[in-house]
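[1] just coords:
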DNA sequence: TCGTTGATATTCT
DNA sequence: GAATATCAACGAC
């Protein structure tokens, strides 16, 4: 009930992918924990060689999780108010992670609505700060293992088209089209401008 | 509907 | 001191 039926876990080999490739693959994947969750509809990639990334200037107390084991969470405070949730990846390039920017809410809508202070579906998880609040994720989950309960990541099911575009809210690395979205989803945090749509690569 | 702005913590210069 | 991977409230159209 709190999970997608017939959903399989993410292929293990995905954790060796670079952040940009994984960010694209994660579109359509399921993210669940503690009775809430949904389908990932928007992501962004960040890498250590990327001036927009927290990991660009090396390891610090805040970004320590980005340099740790893959498949774990990197959760940081944004603008002093919100929390943002990332998935650490690419063991060959420490400092790589995928920011989860929006979910299609599927499980635990009542709990999400209570935490968010609204029942409007588009306001529950459409944005990196909104989704952490809706899911009840905060700094306590920084470094948490996402490959084991209570977390569950499930592979995308069925065909879908991808949108790509520049990342949001950054001032460096703006030329990189490392934001990805699920074409046609009403749960994106913001529209994609001239988002080139294309079929998602299987596997 | 759109643009502007305040809130507020942590990091880096 | 300045910047920041954001959001919601507010006022002008």
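    Right, received. Where do you want to start? From a predicted model like this one, the values you see are computed outputs, not experimental measurements. Residues are numbered from 1 along each chain as shown, chains lettered A, B, ... in the order given.

[2] look up how far residue A:110 lies from the residue in chain A that DNA strand B sits nearest to.
    With C-beta to the nearest atom of the strand as the measure, residue A:80 is the residue of chain A nearest to DNA strand B, at 2.7 Å. Any C-beta I mention is one placed from the backbone N, CA and C, and that applies to glycine too. Using C-beta to C-beta, to the nearest Å, residue A:80 is found at 29 Å from residue A:110.

[3] mind checking which of these two has more residues around it?
    Higher neighbour count among residue A:80 and residue A:110: residue A:110, with 10 against 5, using other C-beta atoms under 10 Å.

[4] and the more buried one, which helix or strand is it part of?
    helix A:109-116 (DSSP states H and E).

[5] list the buried residues for that helix?
    A:109, A:112, A:113, A:115, A:116 (16 or more other C-beta atoms under 10 Å).

[6] what segments of chain A are helices?
    A:19-25, A:109-116, A:128-135 (DSSP state H).

[7] reformat those helices as JSON lines; add distance to DNA strand B.
    Compiled in JSON lines, those are given as follows (distance: least, C-beta to the nearest atom of the strand, whole Å):
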{"stretch": "helix A:19-25", "distance to DNA strand B": "19"}
{"stretch": "helix A:109-116", "distance to DNA strand B": "16"}
{"stretch": "helix A:128-135", "distance to DNA strand B": "9"}
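
[8] now the ones you listed as JSON lines including mean pLDDT?
    Below are the helices of chain A laid out as JSON lines (pLDDT from 0 to 100):
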{"stretch": "helix A:19-25", "mean pLDDT": "97"}
{"stretch": "helix A:109-116", "mean pLDDT": "97"}
{"stretch": "helix A:128-135", "mean pLDDT": "98"}
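
[9] now for those, which one comes closest to residue A:184?
    Nearest to residue A:184 among these is helix A:19-25; the distance by C-beta to C-beta comes to 16.2 Å.

[10] what is the closest one packed up against?
    strand A:36-46, strand A:82-89, strand A:96-107 (3 or more C-beta pairs under 8 Å, 6 or more residues apart in numbering; DSSP states H and E).

[11] which helices and strands does the helix holding residue A:110 pack with?
    helix A:128-135.

[12] contacts for the helix it packs on, please.
    Helix A:128-135 has contacts (C-beta atoms under 8 Å, 6 or more residues apart in numbering) with A:33-34, A:36-37, A:75, A:78, A:81-85, A:99-103, A:105, A:112, A:115-116, A:123-125, A:137-138, A:189.
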